[in-house]
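*Asks:* quick one, what's the 3D model for this:
(2 chains)
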Amino acid sequence: MSSRETTANGRPARTSVVIPVKDGERYLEELLDALARERPHEILVIDSGSHDRSREIARSAGVELLEIDPSDFGHGRTRNLGAERTSGELICFLTQDATPCSGWLQAYREAFTLDERVGAAYGPHLARPDTSPMIARELEEFFATFSPDGAPHVQRRGDATFLSNVNACYARACWQEIRFRDLPYSEDQAFGADLLSAGWSKVYHPGAAVLHAHDFGALAFMRRYFDEYRGLRASIGHVEPIGVRSAGDVRRLVGADVRWMSEQGYGAGERARWTGRSLVHHGGRKLFSALGSRSDALPATARRLLSAEGSDYKPVSAPGSAEQPDGRLLNVPSTHYPARTKAHEYQPIARILAGGAAPLSQAIPGMSERERLHLAFVIPPFSKGSGGHNIVFQLVHRFERAGHTCSIWIDDPFRQRRHEWPAFVRGSIREHFAPVHAPVHPDYANWYGADVVIATGWQTVYPVLGLANTRARAYLVNDHEPEFYPTSLESRWAAQTYRMGLYGVCGSPWLLKLYRETYGGEGECFDYGVDHRIYQPQAVERHPATVVYYCRSTTPRRAVALGVMALHELHKRRPDVRIVTFGERYPMDMPFPYEHVGVASAEQLSWLFSQGTVGLCLSMTNYSLIPQEMLACGMPCVDLQGASAESVFGADGPVELSPFEAVALAEHMERLLADLDLWERRSQAGIAFVAGRSWDRAAEQVEGALRNALRVRETRSAPLVR
Amino acid sequence: MSSTVDDQGTTQALREEVAHLQERVRELERELVEVQAHANDAVAEWEERAYWLDRWHIDLNALMRYSGASRVRALLRAIRAPLRLARKAIRAMRA
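*Replies:* You can find the predicted model right below:
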C-alpha cells in the first residue's frame, strides 16, 4: 500500500461516506447494506425533510443521521456541510439511488495512489435491470470514453472536467482548498473544472462502480434536463446548441438506441415500443437542455414550470457575490471561468513561433533541374471570384500541363468551410477557375511531402513552416497583406511572414522591392497572365459613354467609397454616362443611377469590357488582374497613382493613373470619355501591353522561381554526395 | 612509386563509387516522382468520382453502417432475384 492509500501508521486511509437524502426509501436500505459490506469508517445521511421511511431506514442501519430543513438544502451547500461534519481523509458522496458494487471503496483507495495530486476520483454508473435502454446505453458508452482500456485513468489540466456526485470521492485537502460552490445544480461539474484549474488531478476508476437509476417519466426527464443544463450554464457557462442539425443529432441518438437494443437481444415488439420512447426522450432532452442553458432569457414563471424542482433560479452571477474557487468573495462583480481546452484561433502560429519550422529534407544534387517536380500549394478557403485563388489555380493548371505533379492543401484552421468536402471543393475549382487535375486535401492529415511547398497567403505561411519532407519552401506573394489590417496582431504576424526565409515569388516589381528591401527576403517577381481565349475584344459595338466599375465593397483596399464619390462627381458633370458595377453579389446605395451585374463569370465580363468605354478599378496595394482583363478587351481603365500600378503599367502607359482624390478620378474618367485620341491611344497600348502577358508565360516565370528556390537549397546545403 | 599507384587506384575506386551512388540517387528520385504522381492521380480520380457524394454530404460507408441499411439491401436483393427470373423467362418466351 502506498502512503496515499494508508495513513502513516499503515492502517487504511480513514473514509467517510456522505449521502444527502430526501424521500429516498426505494433504494436507501439496499444502498446502506451494500455500504456496510464495503466497511467505510463513517457514514453520514443528511435528510432534508423526507416524508417517507428514509430517516427510519437510516436509524435502523445504525448510521449517523443529520436532519436539516428543506429550505437549507443546496447541492453544494449540503455536501460542504457533510464534509465538515465528517472526519475521513477521503470523503465519498453518493446519491440516495446509487448502490455501490463490490470493491467500490477499495477502488477509491487505489485511485488516490495513482498520482501525488489526486484531489478526487469517480467511478461508473451501471444501469439497473429496469433502466430504460436510452439511459442504459448512454451510461455504458459515456463511461467507456474515460477508460477505453478498462484501466483507471488519471485526468489532469486540459482533460475532461467531468465529475459526478452521484458517485465520487474527494481528498479532504482538495475539498478544503476548493469546496463546492453554492449552486442549485452541477456543483460537481464546477468542482471538477475548478480542481483541474487549481493543479489537482482526478481519477476515473472503473472499479468504483455503483448501480444507479433515473426512473422518471418522459416529461419528468425533460424537466430534470432543464435543471441540469441550467446548472451547467451557471457552473461552466455551457450553452447547448440547437438548430436544424439538432434533428440529425436526435436521429443519430435514436439509431444508436435501436442498434444497442438489437445487440442486447430486445424483441421486436419491445424495440418498437422503446424506439418511440427514445424519440420523445432525445427530442425532449435536446429541447429542454437548450431551454435550460438559455433560461436566463426566460420569464421566471416559465423557468419554474419547466424545472423539475419548481425553481425559478436564473443562471447568472449576481454582482458582488461571485464566489471564487478558494471560497473568498470579491468586492467587485466577477464570474469564474475554468480553463478551456478548445484550440485557440492562432494555435498554428503559436506553435511555429515557439517551436520553429520543421527541418527541410536533404538537398539532392540536381533536384532543381529535374524534369518533373512535385509542387504542393497551401491555400486559404476561397469563394467564386477570388482573384488571388485564380492566380494559383491558373498556375497549377499550367504546371500540370508541363508534366509536374501538383497537390492542393486547404488551410482552414477554424474549420469555417468544414461543410465543403474535398471532392466538392475540387469540383468548384474546376468549375469556376481552371480545369486542374490536382487532388484537394482538406487538412494536413495525409501530408506526404513535396519538392516545393508554396504558401499563398500570410496565414498559410505558418502551417507551411510546420510541414516536413519538403526540399524548399516558397511564398506566392500577391499582395502586401499587413496593409489589410489596422494595428493588430494580424498585421504584425502578416509582416513577420516575409522574414521567415521563404523564397518569395512576388506578383509585381513593387511587391518584390518591398519583399527584398523592407523585409530582407530573397525572391523574384512574375507577371500576371491574361486568359486571351476569354478576354479579347468581342464582336459587339462599344457604347460611347459607359463606365464599368469594379465595386468590391467587402475589400477595403478597393477604396469603394472613393470610387463612388468619383462616379458621383462624374455623374454631375456627365449625366448621360451609363454606370455599370460588378464584383459584389449585392448592389449598394449610390447617389446616382447605375446598373449592377453582380459576380459575373469570366465570359460575361469579357462581353461587358468589350462594350464599356472606360473601366474604373482602384487598388490601394498591389495591382490586380482586372485592369489587365479590361485592357485585353480594348477598354482602357483608370487606377490610382502609386508604386504598384506604375511599376507594372508605367506612368503613361495603357492605364490612366489618377491621384488619390475623387474629383481627380472623375476628371481622368471624363478625359478618357471625351478625348477620342487619348482613348484610342490607351486602348491600343493596352492591347499591346497584355499581348505579351499570358498564364503560360506567368507559369514559366513562376516555375523558374521555384527551381531557383531549390537551387538556393542546393548551393547552401551540405552536399549529399561529394 | 607503388604507393602512388595504390592512391590512384583508391581515388578511381572512390570516384566510381560516387558515380554509382549518384546514379542510384537519381534512380530513387525518379521512383519517388512516379510514386507521388500515381498517388496524386489516384486521389484525384477518386475525388472526380465522388463529386456529387461530397456535394450532397453523403458518406455511403456511414450510411451502410446503419442496421436498417443491410436490411434494405437484403430486401432489394430479394426483389431483384424474381425480377431477373421474370425477365429471363420473358426473353426465353420471346426467343
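
*Asks:* flag the shaky bits of chain A, pLDDT-wise.
*Replies:* Counting by pLDDT under 70, chain A contains low-confidence ranges at A:1-12, A:184, A:213-215, A:235-237, A:315-345, A:643, A:718-722.

*Asks:* so how far is A:R426 from the most centrally placed residue in chain B?
*Replies:* By Cα atoms, centre = their mean, chain B has its centre lying nearest to B:A42, at 5.6 Å. Per Cβ to Cβ, to the nearest Å, B:A42 is found 14 Å from A:R426. The way it works is simple: take the backbone N, C-alpha and C, and place the C-beta from them, glycine included.

*Asks:* could you list the domains of chain A?
*Replies:* Per automatic domain parsing, the domain ranges recorded for chain A read A:15-215, A:347-525, A:546-693.

*Asks:* meant to ask about chain B
*Replies:* B:1-58, B:59-95.

*Asks:* out of these, deepest packed?
*Replies:* Most buried of the domains of chain B by mean neighbour count (mean count of other Cβ atoms under 10 Å in any protein chain shown) is domain B:1-58; its value is a mean of 13.

*Asks:* okay, and A:C92 sits in which element?
*Replies:* Assigned by DSSP states H and E, A:C92 belongs to strand A:90-94.

*Asks:* swap that for A:Y535, sorry
*Replies:* Counting by DSSP H and E, there is no helix or strand that carries A:Y535.

*Asks:* chain neighbours aside, what residue packs nearest to it?
*Replies:* Leaving aside its sequence neighbours, A:Y535 sits nearest to A:A632 (Cβ to Cβ, 6 or more residues apart in numbering or on different chains; 3.9 Å).

*Asks:* wait, that neighbour touches A:G529, no?
*Replies:* No: the criterion here is Cβ atoms under 8 Å, and A:A632 misses it with A:G529 at 10.3 Å.

*Asks:* helix, strand or coil for A:E524?
*Replies:* Three-state call for A:E524 (DSSP: H, G, I helix; E, B strand; the rest coil): strand.

*Asks:* okay, now it: neighbour count?
*Replies:* The tally of other residues near A:E524 (other Cβ atoms under 10 Å in any protein chain shown) stands at 18.

*Asks:* beta partners of it?
*Replies:* Beta-bridge partners recorded for A:E524 (DSSP bridges): A:V505.

*Asks:* if I look at it, how far off is A:S197?
*Replies:* 52 Å.

*Asks:* A:I687 now?
*Replies:* 68 Å.

*Asks:* could I get the full set of helices for the stretch 201-350 of chain A?
*Replies:* Taking DSSP state H, counting those that start in this stretch as the test, the helices found in the stretch 201-350 of chain A are A:218-236, A:244-264, A:268-293, A:300-306, A:347-355.

*Asks:* tabulate these in CSV, adding columns for distance to chain B and mean neighbour count.
*Replies:* As requested, the helices of the stretch 201-350 of chain A are exported to CSV (distance: least, Cβ to the nearest Cβ, whole Å; neighbours: other Cβ atoms under 10 Å in any protein chain shown):
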stretch, distance to chain B, mean neighbour count
helix A:218-236, 24, 22
helix A:244-264, 5, 15
helix A:268-293, 11, 18
helix A:300-306, 34, 15
helix A:347-355, 23, 14
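
*Asks:* now those helices as CSV including distance to A:F112?
*Replies:* As requested, these are arranged in CSV below (distance: least, Cβ to Cβ, whole Å):
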stretch, distance to A:F112
helix A:218-236, 24
helix A:244-264, 34
helix A:268-293, 33
helix A:300-306, 39
helix A:347-355, 34
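
*Asks:* wondering if the lengthiest helix in chain B reaches chain A at all.
*Replies:* Counting residues, the longest helix found in chain B (DSSP state H) is helix B:2-49. Yes: shown here: helix B:2-49 in contact with chain A (Cβ under 8 Å from any Cβ of the partner chain) through B:18, B:21-22, B:25-26, B:29, B:33, B:36-37, B:39-41, B:43-44, B:46-49.

*Asks:* what's the helix or strand for A:L476?
*Replies:* Going by DSSP H and E, A:L476 is part of strand A:470-477.

*Asks:* now what about that strand, what contacts it?
*Replies:* Residues outside strand A:470-477 that contact it (Cβ atoms under 8 Å, 6 or more residues apart in numbering or on different chains) are A:360-361, A:363-364, A:367, A:376-377, A:391-392, A:395, A:449-456, A:461, A:464-465, A:497-498, A:501-507, A:511, A:515, A:523, A:702, A:705-706, A:709-710, A:712-713.

*Asks:* try it again at 6 Å.
*Replies:* By Cβ atoms under 6 Å, 6 or more residues apart in numbering or on different chains, the residues outside strand A:470-477 that reach it are A:361, A:449-456, A:464, A:502-506, A:511, A:706, A:709-710, A:713.

*Asks:* where in chain B is pLDDT low?
*Replies:* Per-residue confidence for chain B (pLDDT under 70) gives these ranges: B:1-5.

*Asks:* could you rerun that using 50?
*Replies:* Scanning chain B for pLDDT under 50 picks out B:1.

*Asks:* who are the packing partners of the strand holding A:C92?
*Replies:* Packing partners of strand A:90-94 (3 or more Cβ pairs under 6 Å, 6 or more residues apart in numbering or on different chains; DSSP states H and E): strand A:15-21, strand A:167-171.

*Asks:* tell me which of those sits most buried.
*Replies:* For the helices and strands packed on strand A:90-94, the largest average neighbour count (mean count of other Cβ under 10 Å) is found in strand A:167-171, namely a mean of 27.

*Asks:* returning to what we had before: which one, of the domains of chain A, ends up nearest to B:S67?
*Replies:* domain A:15-215 (14.1 Å; Cβ to Cβ).

*Asks:* could I get the contacting residues of A:V614?
*Replies:* A:547, A:669, A:672-673.

*Asks:* let's see that with 7 Å instead.
*Replies:* Taking Cβ atoms under 7 Å, 6 or more residues apart in numbering or on different chains as the criterion, A:V614 is in contact with A:547, A:635-638, A:669, A:672-673.

*Asks:* specify the beta-bridge partners of it.
*Replies:* For A:V614, the beta-bridge partners are A:V547 (DSSP bridges).

*Asks:* name the residues of chain A found near chain B, please.
*Replies:* A:255, A:258-259, A:262, A:364, A:370, A:372, A:374, A:405, A:407, A:421-424, A:426-427, A:437-440, A:448, A:720-721 (Cβ under 7 Å from any Cβ of the partner chain).
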